[in-house]
Every structure is written in structure tokens, then in C-alpha cells.
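give me coordinates for this.
(chains A, B, C and D)
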There are 2 protein chains.
Amino acid sequence: MSRQRRPTIRDVAERAGVSIATVSKYVNRQQSFSQPVEDKLRSAIKELSYSQNPLARSMVTGRTTAIGLAVMDIANPHYANVVKGANRVALENGYNLLVVDMEESIAAARPLLEALSPRTDGLIVSARIPQDVVEWLADLDKPVAFLGQPERDDVLTVGTDSVQVASLLAQYLVRQGFRKFGYVGYSRASWNIERLRGLRDVLDPAGLDLQVFDVEEPTSEAGERAAARALLNPDRPDVIIGCNDLVAIGLMSEARALGFKVPDDVAFAGIDNIPTSRYITPPLTTVDVCSQATGEVVMKRIMAMIEDKPQPEGLALEPALIIRGSTQRSDVTREN
Amino acid sequence: MSRQRRPTIRDVAERAGVSIATVSKYVNRQQSFSQPVEDKLRSAIKELSYSQNPLARSMVTGRTTAIGLAVMDIANPHYANVVKGANRVALENGYNLLVVDMEESIAAARPLLEALSPRTDGLIVSARIPQDVVEWLADLDKPVAFLGQPERDDVLTVGTDSVQVASLLAQYLVRQGFRKFGYVGYSRASWNIERLRGLRDVLDPAGLDLQVFDVEEPTSEAGERAAARALLNPDRPDVIIGCNDLVAIGLMSEARALGFKVPDDVAFAGIDNIPTSRYITPPLTTVDVCSQATGEVVMKRIMAMIEDKPQPEGLALEPALIIRGSTQRSDVTREN
DNA sequence: CTGAAAGCGCTAACAC
DNA sequence: GTGTTAGCGCTTTCAG
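Sure thing, here's the model as predicted:
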């Protein structure tokens, strides 16, 4: 019905009897105007219900006031919370956050980012992307920040330190008296090797055993499928660490289905501290990686880059051990 | 360092020794070329790692090949899964999905959508937005689809029928022998009244009691806070339905913390069938509202609108009852 | 099959 | 204060 061409700046200029430059300046509040001109402008804009075309504007200014955020899997609550944090800060500062989901697909990353990049003033990207894409991004005339573990000095990366996160967890578990460790990792993730190192840094010196398993995707379903491998062997670990909470939840669920008592037969811990980990039985011990704060910090940092301001100080992300029932055996003195 | 301007079509043309028109046609695969030209084009593009600027393209074509999706809360797994479904279909068909989070904030909707709209060929919007924004969207020169319950005939809405969903659940619970019902709703959501009606359609004729409570936000935390109100009264329900799984999970968790046996003292059910509902204890009975399929369907429909094709057939969304432990009392004969 | 040229809607000098 | 004009990077007639 009312489906018609959007009015342009030229329509407004004609109607108000002024030049298009004047309309542009008015719309962008760039100066003051004589009363008659201002009145005509206001009514012309209202009558046509004109609004700026941001695409055309971006073409000439080179700015979009939008920031892109590409995550590996929006269905992972960790990423959803990163988005939450980033979104809030973006909105508070007059930016729009445009989120795209890469669906854990490395191959799709490049075209997705190519399409996203020109629509934004800056890009926030999950770190687990191929090196050539990282190069391409770094060469881009556009601020880029990565989510995750720093790998290069010349790019900004925000996230908790994976080595530290894993060590924190391992130290606690050692103190709890666990002796045989299992780690169910996701070797396709860039942080996997760091987390493994964090574990080994603690376990190796103590001479403790670590069995390593792998999932094909970092989900609860994959965790469930991996459980039997880790549990049904004579040398079964007495505590199993999932590379993230999702995996740990799947592992623990399947362990219980197989008849194991958690944590007495086998204990479980995860990493991330997603909301669900509090609600399952037993509640999951994990490490809070500050998902939402990560989003906030990366947003603040990329805004500083875009606006050529100095990087804000005091934005450190401190991972925190969250002790819950999944690692607190009844036969062991509890800490804390 | 190498921060330079993105290469333009002109750079490619120059390098390949052809005109920009030729480059454009090549990039858009609009015709075939002589072997030498094709070779030069390919290598020039590769060497410069050129990619089209979609903004400039949109300026002239009027199309963006992007579709916007505005959700109320990306941290709600239901929406995250809608995004998943929509994203997959979009990608398969050469569109980019741009997601924005409205953070459950009605006020923020309008400006967010105004910013999103011109960047897309069509908009998918969570239905719970103010009427004036709906009007504005409907008058927009752009296909729009809503997520949720149909409220107007002149706009496309995709989602499972909330009345049906609630009735399905109520019928089952009645068959299970429950007599005193509780519903913890979220009155700010447009679907709340429908869900309540679906419940009443079944309970009223049977002369069964329904106590209604409300949460201030549809989250597990709010569910936890609401639990005491619903449980600590002499006339406590024997089954409590959360308006969604998140709320139900919070309710059930707090009920257990208060010492109630679930489902024997009090049973719980939710709506949505989010992944977590399978992993908690006891597993949550719920109704699958086809979150991911909703995203797929709405995407297919809006693509049809954008491309002026007839609406695809056979895309009905059939909600399904998912029976789990949270409503299966040991003293009652189990069905199914 | 290839190229020249006219814009898409807007902003940013630069004149007046 | 206001207007003129030259593009932003690209597609699209229309010639050749």
C-alpha cells in the first residue's frame, strides 16, 4: 500500500525550497539556521517522514556507528553472555552491535567477515579462526579485537587467561585430594592447548596422572557421547574436567545415567560458569571466565580504537573458581 | 602497519588492465569472459584480496542481501536457537543474518529497529513490541515478519500457537492426575495471556483450580525468587507450570532447596524445550515449541517476500509434548 | 565481450 | 547562513 520509495534529501530540499546541503547540515545538527529556513525544514521532513539513509551516509563518511561481533556459536551461553555485555556497552555509547553466528564453521568465517566488515566501524571476532583470516583482518583498515587467548602482539585480544583458568581449577582439585585426572578437550579450539597446559603445569610437578580425551564439538551432546570412553576403562579417572561447562554437563549427565555416583565415584568440573551449571545436579564446579565482562571490556577497547582514544585502564578480567557440589566428595574434608 | 584502504573495484580494474564495468560483471558472474581477461581478473582480485563493498552495492541496487533479526534476549536459549535456525537458512541462500539484542527493553526497540532496517532487505522482530512500533514497521517499505503469536492479519507472524501449547501441557497434566495447578507467568509478554487461556480452556471445564503468579522477567533467577510465593502457602499447587523453561528451572531448583520432593510433593513443567531442561534433575517436562524450526520457517517466509515469490507451503510448526521426570510421580501410573 | 558514463543518497569542502 | 560541487564504491544502461 504505502510501499513507496523512501524520500531522499533531495525531496526534502525541494519541498523546503532550500539546497540539499542545507538539509544535510540540518539533519546532522551541524550549525544553526534562520528561523524561516528552520521552520520549512522541520515541516518538510515531518510531512515526508524523511529519515537519513545510513548507507549513503556511511559511503561518504566512512563511519557506520555499528560494531560487528562474530561468535562461534550463539547457542553456547558463554557467547550469548559475551554478546549481552558487548551489546549493553555499545548501546550506551550510541553504537549498534551487529551479531553474526559462524556456526562453529571455520570455513564460513572468511565470507561472513568480509560481508560484515564494511557494515561496521570495527570487528570483534572469536579467536578460533584460521591464520589467513587473522592476517586478512589485521591488514584491514579497521579496528579488530579478538575474543580469547592472545596469540599475536599486534592484535588486541580480550579474555581470561586459559592457562591460568585451567591451573586454578587443577590446583583446587589437587587440594581436594583427587589423584587421577581426566580432561575432555576440544582440540579444534585454539584455547584447548592452553587449558591443557594449565592443567599440566599443576599436575605434572605433583606426579599426578592425566588422561586426555577429545570431543568433536564443544556441546553437551558430544560430552554425553564421550563419557563412556572416559569412564568405562579400568583406570578410570576420579575427576573429569570438561573443556567447557557444556561438555562437562553432558559428561556428568551420562555418567549418572551409567550408574556412577557423582562426585563420590567420579567428580566433574567445567569451565565458563554458564547459568545452567548452577541448576544441574549436582551443581557444577567451574571457573567463571567473566563472559559478560569480556563483552563489556572488548567493546570498550574497540570503541577506544575507533575513536582514537587511549585504551582505558583497569579492565583486567580475573577468572574465579566456583566451587559447587560436583567436586565435593562426602568422604573428604571440605574446604572453604 | 599495513593499515591501508580496502582495495576498490578501481584498483582491481587498473591491475587487471580492464574497465571497472568488466570487474563488476566478473564479480557478479553476469556473463562470460575471454580467457585472458578472466585470468587477469582472477589474479588481480586474489593479489589485492579484493572483496565487494556491500554498502556501495546496496546504494545502487537497493538490496543488501542481509536480513535483520531482533530478539528480546539472546541469552534465552529459545531465542538463541531461533537465531541458529534462521542463520542456517539465510547462509544457505546467500543472505547474511544480522542479529540485534533488545535486552528485554521495550523502549530500546524503536531506535534499534530504525538503525537496523536500512541495513537489511527485511526484518524479523520478536512480537512483543509496542503497537506504534508495529505500525511503523508495517508502513516501512520493507518485508517484516514477527516472531510469536499472530495479532494482526496484515503482518506475517511465525511461531507455535501459544494457546495450543499451553492446552497440550494442561491436558497431559490433568491426565496425570494433578488437581491443583499453579502458573508462573510473565505478564509483560504478549504470549502470556494466550498461554493462560490455553491452560484455562482445559482446567476450567474440568473444574480444576489454577493459581496465577507473575515474574518480573522471564529468567531462572526470577523463577527462583517466585518459588516461595507459590509454594509456601497452605493451598499449595501440586503442579506448577513455568511460562517458559528458564522460569520453570528456577522454580524447581528453589523448590528442592526448600526441601520439597519433585515431583512427588510438587511437580513442574515448562515451555520451550531448551537444551538445559534435559540435563537438570529431575528432567523437565515441557513443550517443544520448535525454536530452531521457527527460525528456519520465518527465514524462508521472509525470503519469499523479499524475492516476491509465493509463500512456501507445508511449513507448519507443530508443538510437541515432551514428557520427563518432573511430572511423573512414583505413586501414579505412568503413561506412554 | 568490453568500456564509458550516469548516477544511488549523502557529506564535506569551498564559495558566496 | 546558504548553495555548489565533487565524489564515496559500485551497478547498469548503452555503445562499440
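
just the closest residue of chain A to chain B, please.
The shortest separation between chain A and chain B is 3.6 Å, found at A:T281 (distances taken as Cβ to the nearest Cβ). For the C-beta atoms, the positions are set from N, CA and C on the backbone; glycine is no exception.

so that residue makes contact with B:V262?
No. Assessed by Cβ atoms under 8 Å, A:T281 is found out of contact with B:V262, at 10.8 Å.

stretch A:44-52 and DNA strand D, any residue contact?
No. Applying Cβ under 7 Å from any atom of the strand, one finds that stretch A:44-52 is not in contact with DNA strand D, the shortest distance being 12.1 Å.

report how many residues lie close to the nearest residue to A:N93 once chain neighbours are set aside.
Leaving aside its sequence neighbours, A:N93 sits nearest to A:M303 (Cβ to Cβ, 6 or more residues apart in numbering or on different chains; 5.9 Å). Residues lying near A:M303 (other Cβ atoms under 10 Å in any protein chain shown) number 20.

show me which of A:T281 and B:V262 is the more surrounded one.
Between A:T281 and B:V262, counting by other Cβ under 10 Å, B:V262 is the more crowded of the two (21 against 17).

the more buried one contacts B:E254, correct?
No. Counting by Cβ under 8 Å, B:V262 does not reach B:E254; the two are 10.7 Å apart.

for A:G62, report the pLDDT, please.
Reading off the per-residue confidence, A:G62 sits at a pLDDT of 91.

where exactly do the helices run in the stretch 51-200 of chain A?
Taking DSSP state H, counting those that start in this stretch, the helices of the stretch 51-200 of chain A run over residues A:54-61, A:77-92, A:106-116, A:131-139, A:162-175, A:192-203.

from DNA strand D, how far out is A:I306?
With distances taken as Cβ to the nearest atom of the strand, to the nearest Å, A:I306 is found 18 Å from DNA strand D.

poorly predicted segments of the stretch 101-250 of chain A, please.
Scanning the stretch 101-250 of chain A for pLDDT under 70 picks out A:150-152.

can you give me the strands in chain A?
With DSSP state E as the definition, chain A shows strands at residue ranges A:66-71, A:96-101, A:122-126, A:144-147, A:156-158, A:180-185, A:209-214, A:239-242, A:267-269, A:286-288, A:320-322.

for DNA strand D, find the nearest of the helices of the stretch 51-200 of chain A.
When these are ranked by proximity to DNA strand D, the top entry is helix A:54-61, at 3.3 Å, counting by Cβ to the nearest atom of the strand.

which strands and helices lie in contact with the closest one?
Packed against helix A:54-61 by the contact rule (3 or more Cβ pairs under 8 Å, 6 or more residues apart in numbering or on different chains; DSSP states H and E) you find helix B:54-61.

again, only using 10 Å
For helix A:54-61, the helices and strands in contact under the criterion 3 or more Cβ pairs under 10 Å, 6 or more residues apart in numbering or on different chains; DSSP states H and E are helix B:54-61, helix B:106-116.

give me the number of residues near A:A320?
Applying other Cβ under 10 Å, we find 13 other residues in the vicinity of A:A320.

ok, it touching A:T160?
Yes. Contact between A:A320 and A:T160 holds when scored by Cβ atoms under 10 Å: they sit 9.4 Å apart.

shared neighbours, these two?
Common neighbours of A:A320 and A:T160 (criterion: Cβ atoms under 10 Å, 6 or more residues apart in numbering or on different chains): A:L168, A:V287, A:D288, A:V289, A:C290.

show the contacting residues for the residue lying closest to the last one once chain neighbours are set aside.
When the adjacent residues along the chain are set aside, A:C290 lies closest to A:L317, with 4.7 Å between them (Cβ to Cβ, 6+ apart). Listed by Cβ under 10 Å, 6+ apart, the contact set of A:L317 reads A:158-161, A:288-291, A:293-294, A:296-298.

just the buried ones among those, please.
Buried positions within these, assessed by neighbour count (16 or more other Cβ atoms under 10 Å in any protein chain shown), are A:158-161, A:288-291, A:293-294, A:296-298.

could you export those residues as TSV, including distance to DNA strand D?
Supplementary listing: the buried ones among the contacts of A:L317 in TSV, determined by distance: Cβ to the nearest atom of the strand, whole Å:
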residue	distance to DNA strand D
A:V158	29
A:G159	33
A:T160	38
A:D161	39
A:D288	43
A:V289	39
A:C290	38
A:S291	36
A:A293	36
A:T294	33
A:E296	32
A:V297	31
A:V298	27
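
closest to A:I20 out of the residues you listed?
The shortest gap between A:I20 and any of the buried ones among the contacts of A:L317 belongs to A:V298, at 38.9 Å (Cβ to Cβ).

wouldn't that closest one be in contact with A:G159 here?
Yes. Between A:V298 and A:G159 there is a contact under Cβ under 10 Å: 8.2 Å.

for the closest residue to A:S187 other than its chain neighbours, give me its contacts.
Counting by Cβ to Cβ, 6+ apart, A:D214 is the residue found nearest to A:S187 once chain neighbours are left out, at 5.1 Å. A:D214 makes contact with A:Y183, A:V184, A:G185, A:Y186, A:S187, A:R188, A:N192, A:A222, A:A226, A:R229, A:C243 under the criterion Cβ under 10 Å, 6+ apart.

how many other residues sit next to the closest residue to A:P130 other than its chain neighbours?
By the measure of Cβ to Cβ, 6+ apart, the closest residue to A:P130 outside its immediate chain neighbours is A:I106, 5.9 Å from it. Here the neighbour count serves as a burial measure; for A:I106 (other Cβ under 10 Å) it reads 14.

what's the answer for the one 10 residues further on, then?
For A:L116, the tally of surrounding residues (other Cβ under 10 Å) stands at 23.

next: A:R29.
7.

from A:P54, how far out is it?
Here A:R29 is placed at a distance of 16 Å from A:P54 (Cβ to Cβ, to the nearest Å).

which one in chain A is furthest away from the centre?
Relative to the centre of chain A, and counting by Cα atoms, centre = their mean, the farthest-placed residue is A:P36 at 51.1 Å.

just the helices of the stretch 51-200 of chain A: most buried one?
Per-residue neighbour counts averaged over each of those give the maximum for helix A:77-92, namely a mean of 23 (mean count of other Cβ atoms under 10 Å in any protein chain shown).

and that one, anywhere near chain B?
Yes. For helix A:77-92 and chain B, the contact criterion (Cβ under 10 Å from any Cβ of the partner chain) is met by A:P77, A:Y79, A:A80, A:N81, A:V83, A:K84, A:A86, A:N87, A:R88, A:A90, A:L91.

in JSON lines, list those residues along with pLDDT and distance to A:K25.
Supplementary listing: these in JSON lines, determined by pLDDT from 0 to 100; distance: Cβ to Cβ, whole Å:
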{"residue": "A:P77", "pLDDT": "97", "distance to A:K25": "46"}
{"residue": "A:Y79", "pLDDT": "96", "distance to A:K25": "42"}
{"residue": "A:A80", "pLDDT": "97", "distance to A:K25": "42"}
{"residue": "A:N81", "pLDDT": "97", "distance to A:K25": "42"}
{"residue": "A:V83", "pLDDT": "97", "distance to A:K25": "36"}
{"residue": "A:K84", "pLDDT": "97", "distance to A:K25": "38"}
{"residue": "A:A86", "pLDDT": "97", "distance to A:K25": "33"}
{"residue": "A:N87", "pLDDT": "96", "distance to A:K25": "32"}
{"residue": "A:R88", "pLDDT": "95", "distance to A:K25": "33"}
{"residue": "A:A90", "pLDDT": "95", "distance to A:K25": "27"}
{"residue": "A:L91", "pLDDT": "93", "distance to A:K25": "27"}
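
ok, the residue nearest to A:N93 touching A:L156?
No. The pair A:M303 and A:L156 does not pass the contact test of Cβ under 10 Å, sitting 11.8 Å apart.

sweet, I'm off.
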